[in-house]
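A.B. asks: only geometry, no sequence info:
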């Protein structure tokens, strides 16, 4: 299940997500919430996300592309350690704008780099 709390202060909206972003109702809920916002900057806060699948990752890329097409910005904020790890393994941190605490960034350690190498071998 996914819960989204909205904090709007135009031209910025923050979507505080809690739960999981997976194929199905959860991904569609986030898609509808993000695309229906008139604000130029959409911040998707993933601090309380405990599960995300390929559909969730793909949705973030889709929302990023849609924001660029309408001269907007999609920013991923405070990804949970689990989400940050997925983003590092898939190299999405180089595509998406990601903002978060340094403590969270430290969670992606050398062992993640080893996993990345093993997956590409």
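C.D. replies: Yep, that arrived. Bear in mind the structure is a predicted one, so any value in this text is a computation, not a measurement.
A.B. asks: what's residue 25 in contact with, if anything?
C.D. replies: By CB atoms under 8 Å, 6 or more residues apart in numbering, the contact list for residue 25 reads residue 2. Where C-beta positions appear, they are placed from N, C-alpha and C, glycine not excepted.
A.B. asks: now do the one 4 residues further on
C.D. replies: Listed by CB under 8 Å, 6+ apart, the contact partners of residue 29 are 2, 4.
A.B. asks: again with residue 1
C.D. replies: 19, 20, 26.
A.B. asks: Narrow these to those that are buried.
C.D. replies: Buried members of those, counted by 16 or more other CB atoms under 10 Å: 20, 26.
A.B. asks: So which of the contacts of residue 1 are in strands?
C.D. replies: 19, 20 (DSSP state E).
A.B. asks: Columns pLDDT and distance to residue 98 on top of the contacts of residue 1, output as JSON lines?
C.D. replies: Shown next, in JSON lines, are those (pLDDT from 0 to 100; distance: CB to CB, whole Å):
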{"residue": "19", "pLDDT": "98", "distance to residue 98": "20"}
{"residue": "20", "pLDDT": "98", "distance to residue 98": "19"}
{"residue": "26", "pLDDT": "98", "distance to residue 98": "20"}
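A.B. asks: Test for you: state the pLDDT assigned to residue 106.
C.D. replies: The confidence metric pLDDT takes the value 34 at residue 106.
A.B. asks: And the one 3 residues further on, by the same measure?
C.D. replies: On pLDDT, residue 109 comes in at 41.
A.B. asks: where do the helices sit along the protein?
C.D. replies: Using DSSP state H, the helices found in the chain span residues 25-35, 54-69, 81-89, 102-106, 110-120.
A.B. asks: Done for today, thanks.
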